[in-house]
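Enquirer: missing the sequence, but the structure's below:
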């Protein structure tokens with residue numbers, strides 16, 4: 001029997017990417033109603049996706065902001081996104097790559113920061129970053145190290161610098 005449930009679509013909620021089910025359906029329905037105000041559209045979007053997704057009560061405002069940005073983007077209106085902390089670990093998933101990931105998560109938890117963390121194993125994707133030797137660490141699109149395992153102190157300094165001293169709630173690391 002084939003699963004016919006809709007695929008989740010990712011949306012940035014604060015500093016992390018979250019998969020939401022039924023977002024495309026809800027957007028299509030709301031966009032087909034031309035006379036809705038922005039606030040009405042956001043309220044309808046939220047009420048459409050909330051029954052199908054877990055939304056922590058303390059994150060409701062973040063979800064509504066993300067839905068507003070997505071609605072504005074689809075309407076062709078100006079969208080302002082807060083800068084996000086995105087971290088990519090480039091490599092085959094070796095011991096060094098895994099150690100970097102573990103160190104990163106420990107540092108983020110200690111600093112009370114959230115980040116979108118992704119381990120990239122695809123060689124084409126790694127090469128697009130200009131990296132020829134792994135492991136490599138990319139923070140907010142900038143290659144910080146390649147061909148070696150950086151020290152925890154280096155990683156912490158890079159994360160602090162990239163976060164610009166704007167901590168968010170602890171325990172929301174993606175990955």
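Expert: Good, I have the coordinates. All values derive from a computational prediction rather than experimental measurement. Numbering: from 1, shown residues only.
Enquirer: what about the helices in this structure?
Expert: With DSSP state H as the criterion, the chain has helices at 23-31, 38-49, 60-75, 95-111, 123-128, 152-163.
Enquirer: Break the protein into its domains for me.
Expert: With automatic domain parsing serving as the domain definition, the record reports that the chain contains domains spanning 9-75, 86-163.
Enquirer: Tell me how far the last one lies from the chain's centre.
Expert: The reference is to domain 86-163. Here the centre of domain 86-163 is set off from its chain's centre by 15 Å, with C-alpha atoms, centre = their mean, to the nearest Å.
Enquirer: Tell me which of the helices of the chain sits nearest to residue 12.
Expert: Across these, the minimum distance to residue 12, taken as C-beta to C-beta, is reached by helix 60-75, at 6.1 Å. Quick note: C-beta positions are derived from backbone N, CA and C, even for glycine.
Enquirer: Dump the domains of the chain into TSV; add mean pLDDT and mean neighbour count as well.
Expert: As requested, those are arranged in TSV below (pLDDT from 0 to 100; neighbours: other C-beta atoms under 10 Å):
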stretch	mean pLDDT	mean neighbour count
domain 9-75	89	16
domain 86-163	91	17
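Enquirer: As TSV, the helices of the chain with distance to residue 143 would be great.
Expert: Conversion of the helices of the chain to TSV gives the following (distance: least, C-beta to C-beta, whole Å):
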stretch	distance to residue 143
helix 23-31	32
helix 38-49	36
helix 60-75	28
helix 95-111	13
helix 123-128	10
helix 152-163	11
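Enquirer: Go through these and name the closest to residue 13.
Expert: Comparison of those against residue 13 by C-beta to C-beta identifies helix 60-75 as nearest, at 4.7 Å.
Enquirer: hmm, who's touching that closest one?
Expert: Applying C-beta atoms under 8 Å, 6 or more residues apart in numbering, the set of residues contacting helix 60-75 from outside is 11-14, 18, 23, 27, 30-31, 38, 41-42, 45-46, 49, 55, 78-81.
Enquirer: ok, 7 Å please
Expert: When contacts are taken as C-beta atoms under 7 Å, 6 or more residues apart in numbering, the neighbours of helix 60-75 outside the stretch itself are 11-14, 27, 30-31, 38, 41-42, 45-46, 55, 78-79, 81.
Enquirer: which of those lies closest to residue 94?
Expert: Closest to residue 94 out of these is residue 12 (29.2 Å), distances taken as C-beta to C-beta.
Enquirer: what's the spacing between residue 159 and residue 60?
Expert: Taking C-beta to C-beta, to the nearest Å as the measure, residue 159 falls 28 Å from residue 60.
Enquirer: do the same with residue 78
Expert: 24 Å.
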